[in-house]
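Q: Predicted model and sequence follow; I will ask about them next.
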Amino acid sequence: MDFGLKGKTAIVTGGARGIGRADCHVLSREGAKVAIFDILQEEAEKTAQAIREEGGEARAFYVDISDRELVNRQVGQVAEMYGSVDILINNAAICDTIASITKFDDEQWKRDLEVNLTGMYYITKAVFPIMRRNRWGRIVSMSSIVGLLGGYGQASYTTSKIGVVGFARTIALEGARYNITSNIIAPGIIGSEIFLNSISDPVKDEVRARTAFGREGETWDIANAVAFLCSEQAKYITGVILPVTGGLDLFTILPHQ
Amino acid sequence: MLLENKTAAVTGGGRGIGEAVVERLAGNGARVALLDKNGERAREAASRISGLGGPEVVPFEVDITSYDQVKEVFGRVLDRFGRLDILVNNAGWDIMELFIDNRPEFWTKILDLNLKGHMNCCHVVLPGMIRAGYGKIVNISSEAGRTAAYGETAYAAAKGGLISFTRSLAQEVSRYGVCVNSVAPGPTETPMLKKGIQLSEFAARVLEERKALIPMKRFAQPGEIADAVLFFASPLSDYVTGQVLGVSGGLC
């Protein structure tokens, strides 16, 4: 299937590693030029290099998405370099705060919402006028299944991830008249660096057992869904939540379905 | 090609969304059994799509509300193809009127076709998929099954039932490598919709009001639904099961 993305320009936040990196590779294989926005400069450069070695076009940009000035400047850079911004993948997020509510650190709470929500707001605001001018745009924002279900010890992360839903659906309403679609992917357990390196094996198995398939997904599973939602074929799909969970959410009641 | 060497069956494949789905699956490499209640229509559509130069599209006449007929027809599909990888439950029908004006015969017919017919097909096809350890089932539901649908009460009940069926079945068969998902179209410009608007002032008015609520301010094209079906039928969605994807211009 030709996704119709040849010559389009994509910004992927948090594109240096994990799911974001898979997004970059798949979008590049579909013919898009990729701007990798990340605070991890070295890893972002490595990912860009790997894409160029595959014959794609990719550049790494140092961006802390909670820094409005920097976001505006770098989006401007991309638009100047590639002539446009057609696709925005809101993927960057931090989820390293784990604490029950009484022990939750106020500063961590603020920081997590600042990056996961306000950062997404800054960059979407910077990119939207370019898409509106082109009368074409695709925005895919990463929620998380724990955003929809709650996640023990993850107050700030889950709050930000359900916030993503409200934000992205509002952008869907505001963008519809300009052929800008805005959709949400809610990954389940995905075998990215975070899952593989920071969780003990028994806990991994416990989590796997909660999926219908009995295994974690791959970063490619998310990237394929991202590419589909960015495609020409998905032009009438907007405001939806697509869980990519291997059936994790089938064992409980999912809101918004 | 995404569906190289795959085989598929599409119910209600003779026109509208089903016909677009058959064309899309065949265009991506699958051999397709085109099932329709109207044999003449099935043969015409199959012959047209075969003429586009893809793999074979074979017409079959079947009324999916009859379990016996469904069993018999999928027997013949398997004789022809050897196995079945993809089932798209698309056949559907409705007339818009208020529930208070419905007759019991009407909602019996609506539930028989739009819900139980798809259960018939899944029940007959699943043993083969389970043995093979692979399968993709895509149920065409409707946004009517998730939101309130004025003038389509029985239809909405059937489609809401189909969504619940999709999720529960996904849970039961995931261990065998079978994915079950649903595409939920908003109002789509099909022959059925156009006929409904022509024949009924009530339907025309309700649909006009509904269009105004769609952020994209237009109805779906059958091909746009077919593209979402292709996503669920393909390896691109191998880790997705039990989900409902709205294709409705932001309606939901």
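A: Structure received. What you see is a predicted model, and the numbers here were worked out from it, not measured in a lab.

Q: Could you use CA atoms for every contact and neighbour count after this?
A: Fine.

Q: Return the residue of the chain that is most distant from the centre.
A: Since no chain was named, I'll use chain A. Here chain A reaches farthest from its C-alpha mean at A:Thr102, the gap being 29.6 Å by Cα atoms, centre = their mean.

Q: that's the wrong chain, I wanted chain B
A: Ranked by distance from the centre of chain B (Cα atoms, centre = their mean), the top residue is B:Ile100, with 27.6 Å.

Q: In contact with that one, which residues?
A: Counting by Cα atoms under 8 Å, 6 or more residues apart in numbering or on different chains, B:Ile100 touches no other residue.

Q: what are the phi and psi angles of it?
A: Note on B:Ile100: its backbone torsions stand at phi -60, psi -20 [degrees, to the nearest 10].

Q: Check the separation of the first and last residues in stretch B:240-248.
A: 20 Å (Cα to Cα, to the nearest Å).

Q: So for stretch B:115-125, what gets flagged as buried?
A: Using 16 or more other Cα atoms under 10 Å in any protein chain shown as the test for burial, stretch B:115-125 gives B:Leu115, B:Lys116, B:Gly117, B:His118, B:Met119, B:Asn120, B:Cys121, B:Cys122, B:Val124, B:Val125.

Q: which helices and strands sit right next to the lengthiest helix in chain B?
A: Criterion DSSP state H: the longest helix present in chain B is helix B:153-173. Helix B:153-173 sits against helix B:104-111, strand B:178-185, with contacts defined as 3 or more Cα pairs under 8 Å, 6 or more residues apart in numbering or on different chains; DSSP states H and E.

Q: For whichever residue of the stretch 1-150 of chain A sits closest to chain B, list the residues it contacts.
A: Residue nearest to chain B within the stretch 1-150 of chain A (Cα to the nearest Cα): A:Met1, separated by 6.6 Å. A:Met1 sits next to B:Met1, B:Leu2, B:Asn28 when contact means Cα under 8 Å, 6+ apart.

Q: Any idea how many residues pack against the first one?
A: Spelled out, it's B:Met1. 11 (other Cα atoms under 10 Å in any protein chain shown).

Q: B:Leu111 too?
A: 22.

Q: Leaving aside the residues adjacent along the chain, what's closest to it?
A: B:Ala158 (5.4 Å; Cα to Cα, 6 or more residues apart in numbering or on different chains).

Q: The one you found: how many residues sit nearby?
A: 24.

Q: That one touches B:Asn114, doesn't it?
A: Yes - assessed by Cα atoms under 8 Å, B:Ala158 is found in contact with B:Asn114 at 5.8 Å.

Q: Would you mind listing the buried residues in stretch A:40-50?
A: Counting neighbours by 16+ other Cα under 10 Å, stretch A:40-50 gives A:Leu40, A:Gln41, A:Glu43, A:Ala44, A:Glu45, A:Thr47, A:Ala48, A:Gln49 as buried.

Q: And for stretch B:213-222?
A: B:Ile214, B:Pro215, B:Met216, B:Arg218, B:Phe219, B:Ala220, B:Gln221, B:Pro222.

Q: Where does the fourth one sit: helix, strand or coil?
A: Three states are possible here, and by DSSP: H, G, I helix; E, B strand; the rest coil the one that applies to B:Arg218 is coil.

Q: Tell me the residues of the stretch 51-200 of chain B that contact chain A?
A: Within reach of chain A by Cα under 8 Å from any Cα of the partner chain, the stretch 51-200 of chain B has these residues: B:Arg146, B:Arg167, B:Ser168, B:Ala170, B:Gln171, B:Ser174, B:Arg175, B:Gly177.

Q: what would those residues look like in a markdown table with distance to A:Ser144?
A: Output for those, formatted as a markdown table (distance: Cα to Cα, whole Å):
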| residue | distance to A:Ser144 |
| --- | --- |
| B:Arg146 | 21 |
| B:Arg167 | 19 |
| B:Ser168 | 22 |
| B:Ala170 | 20 |
| B:Gln171 | 20 |
| B:Ser174 | 21 |
| B:Arg175 | 23 |
| B:Gly177 | 24 |
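
Q: Just send the residues you listed back as CSV, with distance to A:Met142, pLDDT and neighbour count too.
A: Formatted as CSV, those follow (distance: Cα to Cα, whole Å; pLDDT from 0 to 100; neighbours: other Cα atoms under 10 Å in any protein chain shown):
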residue, distance to A:Met142, pLDDT, neighbour count
B:Arg146, 23, 93, 20
B:Arg167, 22, 96, 21
B:Ser168, 26, 96, 15
B:Ala170, 24, 97, 25
B:Gln171, 24, 94, 24
B:Ser174, 24, 94, 24
B:Arg175, 27, 92, 14
B:Gly177, 26, 95, 20
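
Q: Please enumerate the strands of chain A.
A: Using DSSP state E, the strands of chain A run over A:9-13, A:33-38, A:58-62, A:87-90, A:137-142, A:180-187, A:241-244.

Q: Please convert the ones you listed to a markdown table, extending it with mean pLDDT and mean neighbour count.
A: Formatted as a markdown table, those follow (pLDDT from 0 to 100; neighbours: other Cα atoms under 10 Å in any protein chain shown):
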| stretch | mean pLDDT | mean neighbour count |
| --- | --- | --- |
| strand A:9-13 | 98 | 28 |
| strand A:33-38 | 98 | 28 |
| strand A:58-62 | 98 | 22 |
| strand A:87-90 | 98 | 27 |
| strand A:137-142 | 98 | 27 |
| strand A:180-187 | 98 | 27 |
| strand A:241-244 | 97 | 26 |
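
Q: got TSV for the ones you listed, with distance to B:Val10 too?
A: Formatted as TSV, these follow (distance: least, Cα to Cα, whole Å):
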stretch	distance to B:Val10
strand A:9-13	35
strand A:33-38	37
strand A:58-62	41
strand A:87-90	33
strand A:137-142	30
strand A:180-187	28
strand A:241-244	24
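
Q: if I pick the spatially most central residue of chain A, what's in contact with it?
A: Central residue of chain A (Cα atoms, centre = their mean): A:Asn91, 2.2 Å from the mean position. Going by Cα under 8 Å, 6+ apart, A:Asn91 touches A:Val12, A:Thr13, A:Gly14, A:Gly15, A:Ile19, A:Gly20, A:Ser141, A:Met142.

Q: mind checking how far it is from B:Asn5?
A: Remark: distance between A:Asn91 and B:Asn5 (Cα to Cα) = 35 Å.

Q: How about A:Gly166?
A: 41 Å.

Q: same question, B:Met119
A: Distance from B:Met119 to B:Asn5, by Cα to Cα: 26 Å.
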